[in-house]
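A.B. asks: Okay, predicted coordinates and the sequence, questions at the end:
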Amino acid sequence: MRQSQLFTKTIREASKDEKSLNAQLLLRAGFIDKLSSGVYTFLPLGFRVLEKIEKIISQEIESINGQRILMPTLVSKKNWQQTGRWKAFEELYKVKGKGGQEYGLGSTHEEVIVPVVQKYVSSYKNLPCYVYQIQTKFRDEIRVKSGILRTREFDMKDLYSFHKDEKDLDKYYEKVKKTYFDILKRMGLKDKTYLTLASGGTFSKFSHEFQTITPAGEDIVHICQNCGLAVNEEIKKDHSKCFQCGRREFKKEKVIEVGNIFKLGTKYTKPFNFQFTDKDGSKKLVVMGCYGIGLSRLMGTIAEVHNDKSGIIWPKEVAPFDAHLIQIGNSNEINKQTKKVYNAFEKQGIEVLYDDREDKSPGEKFADADLIGIPLRIVISERTLAKNCVEIKKRSKTKTELVKLNLLNSYICKNS
RNA sequence: CGGGGCGUAGUGUAACGGUAGCACGAGUCCUUUGGGAGGAUUUAGUUCGAGUUCAAAUCUCGGCGCCCCGACCA
């Protein structure tokens, strides 16, 4: 894409009504725009990042047999009443139709997925069954915070699994655990993310959260310095010893929850009386698990974790583009050579943001490139062409190197 | 929901109760091209409502909006 065509541009100074780092970086670089508190637009650059995140998640979830669907946002009152959450779920947005029908805007989808799967699954032969979606969720948060880390409207992947018994659920639960780390690894967050024990609510003793260390976090975990177990402060309170190894040395860290996995058991299948016929002819309640990842929160967390004073440093797989091609100077020769490189990339399917702006100084182009944070920067100028080269710099490194024009393609293939 | 803070051009930031200024951006013209270029010129603002006052961006009250801390978080 030509940068001169990009309708957004970078902003030099951060807006004063955003304090959090992720919001400042993403707003300044033109990834997002705030409409109102906790409600954001994803601009071309930001939407590209979201799409990359979505692709990684759907690939990984499909690798553990998740089948993708799309559920409605308008969820009838009676579905929520069935589980008691019309009243109990305080963050539910409630809307009325012209004829007086009432809906809760989708904030989680047990109330939809259970009756859907129930229509098709009636025998042990149909189990297990794994269904997921990626969709915008609505939650009337009492207090939004930290840019796109806690918003009223956000994209989330929610996966639901259905099983004939607890044992089968346990097996899949472990699989999801592993897959979540695979996802986090591809997004550059694995090293800073802990699987933590958290309160399990009414049904199970514990749930598991994937908590990434960042000062912008809203929870605190205690990490055992001996065995590495991380425990959420909310259940750590009365214990001085590690649940796992019994030692007493902990390190406290602020963390943001990027994923959550939950053994629901029959909590939601029971209200809908979702039963299956087992091998021996007996009727049993289906056992269920649910697994969430917030896509937009993930994007904010990545920005929060990967940056320096000049801007964002996107991990390769989630970057809005593979390379940032910067043209310095407007002579015919420079124009010609840069366009040639650009077209060659396009042809190969390498995603390039081409800074073809004629009215910007080199310094401004470099500053923008640093702020936007595309992993690879390629500069073509009179100086590089004199040596028949382009200059290449990784966003995460300080050194630059010259690469011969005719070797550029093989260089890129090796490094991307 | 409790507490705190803040609302001035598109953005950032000044102005004792007394002429709303500066920088960046944006527009036009000229010159510039390896780390946010230079000159000329133009553009645009006090969140809303009420009150106090000869006079309100400034003081008081209320609304609206935004941020931060806490509580909450299926």
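C.D. replies: Now that the structure is in, tell me what you want to look at.

A.B. asks: got the contact list for A:K164?
C.D. replies: With contact set as CB atoms under 8 Å, 6 or more residues apart in numbering, A:K164 has these partners: A:Y124, A:L127, A:P128, A:F276, A:D278, A:K284, A:V286, A:V287. No exception for glycine: its C-beta is placed from N, CA and C like everyone else's.

A.B. asks: hmm, try it at 10 Å
C.D. replies: Listed by CB atoms under 10 Å, 6 or more residues apart in numbering, the contact partners of A:K164 are A:123-128, A:276, A:278-279, A:284-287.

A.B. asks: repeat for A:F274
C.D. replies: Contacts of A:F274 by CB under 10 Å, 6+ apart are A:114-115, A:117-119, A:121-122, A:162, A:266, A:268, A:285-286, A:288.

A.B. asks: Among the contacts of A:K164, which one sits closest to A:K145?
C.D. replies: For the contacts of A:K164, the minimum distance to A:K145 (CB to CB) is 35.1 Å, reached by A:V287.

A.B. asks: Surely the closest one touches A:E166?
C.D. replies: Yes - between A:V287 and A:E166 there is a contact at 5.8 Å, judged by CB atoms under 10 Å.

A.B. asks: who has more neighbours, the two?
C.D. replies: A:V287 (24 against 13; other CB atoms under 10 Å).

A.B. asks: Drop anything exposed from the contacts of A:F274.
C.D. replies: Listed as buried from the contacts of A:F274 are A:V114, A:V117, A:Q118, A:V121, A:F162, A:T266, A:Y268, A:V286, A:M288; burial here means 16 or more other CB atoms under 10 Å.

A.B. asks: In strands, which of the residues you listed appear?
C.D. replies: A:F162, A:M288 (DSSP state E).

A.B. asks: Please flag which of the contacts of A:K164 sit within strands.
C.D. replies: A:F276, A:K284, A:L285, A:V287.

A.B. asks: Spell out which two among those residues are the most distant pair, please.
C.D. replies: A:F276 and A:V287 (9.9 Å).

A.B. asks: what touches both of those two?
C.D. replies: Common neighbours of A:F276 and A:V287 (CB under 10 Å, 6+ apart) are A:L127, A:F162, A:H163, A:K164, A:T269.

A.B. asks: Show me which of these is closest to RNA strand B.
C.D. replies: Lowest distance from RNA strand B to those (CB to the nearest atom of the strand) belongs to A:T269, with 13.7 Å.

A.B. asks: Phi first, then psi, for the closest residue in space to that closest one that isn't next to it in sequence.
C.D. replies: Here the nearest residue to A:T269 in space, its sequence neighbours aside, is A:V286; by CB to CB, 6 or more residues apart in numbering that works out to 4.5 Å. Backbone torsions for A:V286, taken as degrees, to the nearest 10, come to phi -70, psi 140.

A.B. asks: Helix, strand or coil: sort out A:C227 for me.
C.D. replies: coil (DSSP: H, G, I helix; E, B strand; the rest coil).

A.B. asks: Quick check: A:Y342 vs A:I56, distance?
C.D. replies: As judged by CB to CB, to the nearest Å, A:Y342 and A:I56 stand 26 Å apart.

A.B. asks: Ok, A:E13 next?
C.D. replies: Distance, A:E13 to A:I56, by CB to CB: 33 Å.

A.B. asks: what's the answer for A:L105, then?
C.D. replies: A:L105 is 27 Å from A:I56, by CB to CB.

A.B. asks: Right, I'll leave it there.
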